[in-house]
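*Asks:* Here's a sequence, model it:
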Amino acid sequence: MKKEILLIMLVASINILCSQNNANTPYSIFGLGVENKTATGGLTGLGNTGIAQSSPFEINIFNPASLAGIYQKSFLYEFGLNGSYSTLKTNTTSESSSNGNLSHVAIAFPIKKNWGMSIGLLPYTKTGYNIDIENPIEGTTETYLTRITGSGGLNKFFISTGFKAFKNLSFGVDLSFLFGAIEEESLIYSESFVSINDQNHYGGVKLKTGFQYKMPTFNAFETTIGGTLEVPASLSGTQTRTSYKTLSDGVSLSIEDEVESDLDNFELPLSYGLGITSVINKKITTSLDYRKLLWNSTSQESNNESYSDQTIYAFGLEYKPTKNKFNYSSNIKYRFGFNYNSGFLKVSNQQIDSYFVSFGLGLPMKKYSNDNFNISYSYGKEGTLENKLIQESFHKVTLNLNFVGNWFNKKKID
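*Replies:* Modelled structure (predicted):
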């Protein structure tokens, strides 16, 4: 019965993920929107580290090489929820909003010993903004108002596999399919009312590879190093535009009706990452990740924005009191993390960077179980008040539920 209920929950989660849109950030007006900072398992509480993390009981979407550690005859399934409260601030005003989303749904299972596979779906980018622009009417002292709203985003469907090549060395490959639409509506208020609605559809494929190497244990130190490489990808796009004009007497006139055109491809950069994770006395785990995305090589630039190389530093610390399966409290995991992201966007020659700190708990659902509630709280800021720009501060709560099943056991008949 448990399996049927979870399957229904997974299917429902996929439907919600494909249809959801809940964001409010002005910087999502650029490019494909802002990237979703999604992590699986307890990695959200660890500052979104994970390049060198590997657990047979949790799915790790940061490095496909981790799938080599899935136990035989096991089956992992997970989905996540998050809610946030954010405040947008300028030098003169501020505005607050809240939203909630389903963050991801994923499954993982072994193909055979030391070889695993994972499949999942998550939002890749999100778009949500509402901006008013006052423009002068040429040759007069009067102005007209343009209201621009945006919504939508891209989704990511991935298939990953990881295998152990040697005793302590694993490799993995992740193939991701990106797809979705961003809708932008421009409403122009002057002597007449003009509405322009653009549906921008993008799609493409990107490839990531990874490795993990477990070093020999030394004085109760278990250390794993990991690395990832994502090759450049190009997303093709098409636009469908519909526009009409409403005159002062209320008469509406069609200007364009679902006119299709091709958009310039959006280029995703070459990126690489390195990570190191150490376990001390099976109680304390530390993780340190470094990622670099080479946006400069894509040569993308538009109006007052440009793209620059992006650097991400992340640190995580986890403490588990003891390994006593008969004591519930001794199996709770306490987590702390920090993440700094230089950002890839420059607006008015100002880099749009961000950071967050996180605290989390890994709570077993019951004694003797590897099923977990992973809860985390994050606080961070993105953007700046300099050069008349906008700064966002946010509080975010994330709940990841991961279940471990034994779906490949055959029943014995006596």
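*Asks:* Who's the closest spatial neighbour of Glu222, skipping the chain neighbours?
*Replies:* Val279 (4.2 Å; CB to CB, 6 or more residues apart in numbering). Yep, even glycine has a C-beta here, placed from its N, CA and C like the rest.
*Asks:* That neighbour contacts Phe218, doesn't it?
*Replies:* No: using CB atoms under 8 Å, Val279 is not in contact with Phe218; the gap is 11.6 Å.
*Asks:* So for those two, which residue has more residues nearby?
*Replies:* Using other CB atoms under 10 Å as the criterion, Val279 and Phe218 rank with Val279 on top: 18 against 8.
*Asks:* Next up, identify which helix or strand the more buried one is on.
*Replies:* Element membership for Val279, per DSSP states H and E: strand 271-280.
*Asks:* Remind me what that strand packs against, helices and strands.
*Replies:* strand 221-230, strand 284-293 (3 or more CB pairs under 8 Å, 6 or more residues apart in numbering; DSSP states H and E).
*Asks:* Average pLDDT for that strand, rounded please.
*Replies:* Taken as a whole, strand 271-280 carries a mean pLDDT of 96.
*Asks:* Stretch 98-117 too?
*Replies:* So the average pLDDT for stretch 98-117 ends up being 91.
*Asks:* Next, the buried residues of that stretch.
*Replies:* 99, 101-110, 114-117 (16 or more other CB atoms under 10 Å).
*Asks:* Ok, stretch 200-213 next?
*Replies:* Buried, per 16+ other CB under 10 Å, within stretch 200-213: 200-202, 204, 206, 208-213.
*Asks:* Return the subset of these lying in strands.
*Replies:* 200-202, 204, 206, 208-213 (DSSP state E).
*Asks:* Can you tell me which of the residues you listed is closest to Phe373?
*Replies:* Gln212 (26.1 Å; CB to CB).
*Asks:* so where's the stretch 201-350 of the chain shaky on pLDDT?
*Replies:* Counting by pLDDT under 70, the stretch 201-350 of the chain contains low-confidence ranges at 249-251, 301-304, 323-326.
*Asks:* one more time with 80, if that's ok
*Replies:* Along the stretch 201-350 of the chain, the model assigns pLDDT under 80 to residues 247-256, 299-305, 322-327.
*Asks:* what's stretch 356-366 in contact with?
*Replies:* 42, 44-47, 318, 328, 331-339, 370-381, 394, 396, 398 (CB atoms under 8 Å, 6 or more residues apart in numbering).
*Asks:* Let me fix that, I meant to ask about stretch 241-253.
*Replies:* With CB under 8 Å, 6+ apart as the criterion, stretch 241-253 contacts 191-199, 254-261.
*Asks:* Now the buried members of those.
*Replies:* Judged by 16+ other CB under 10 Å, buried ones among those: 194-199.
*Asks:* Quick check: the farthest pair among those?
*Replies:* Maximum distance among those (CB to CB): 17.4 Å, for Val194 and Gln199.
*Asks:* In the stretch 1-150 of the chain, what residue spans correspond to strands?
*Replies:* Assigned by DSSP state E, counting those that start in this stretch, the stretch 1-150 of the chain shows strands spanning 34-35, 75-89, 94-112, 115-123, 125-136, 143-164.
*Asks:* among those, which is nearest Ser308?
*Replies:* Among these, strand 34-35 comes nearest to Ser308, with 15.2 Å by CB to CB.
*Asks:* mean confidence score for that closest one?
*Replies:* 88.
*Asks:* Neighbouring strands - and their directions - for that strand?
*Replies:* Partners of strand 34-35 in the sheet, by DSSP bridges, are strand 125-136 (antiparallel).
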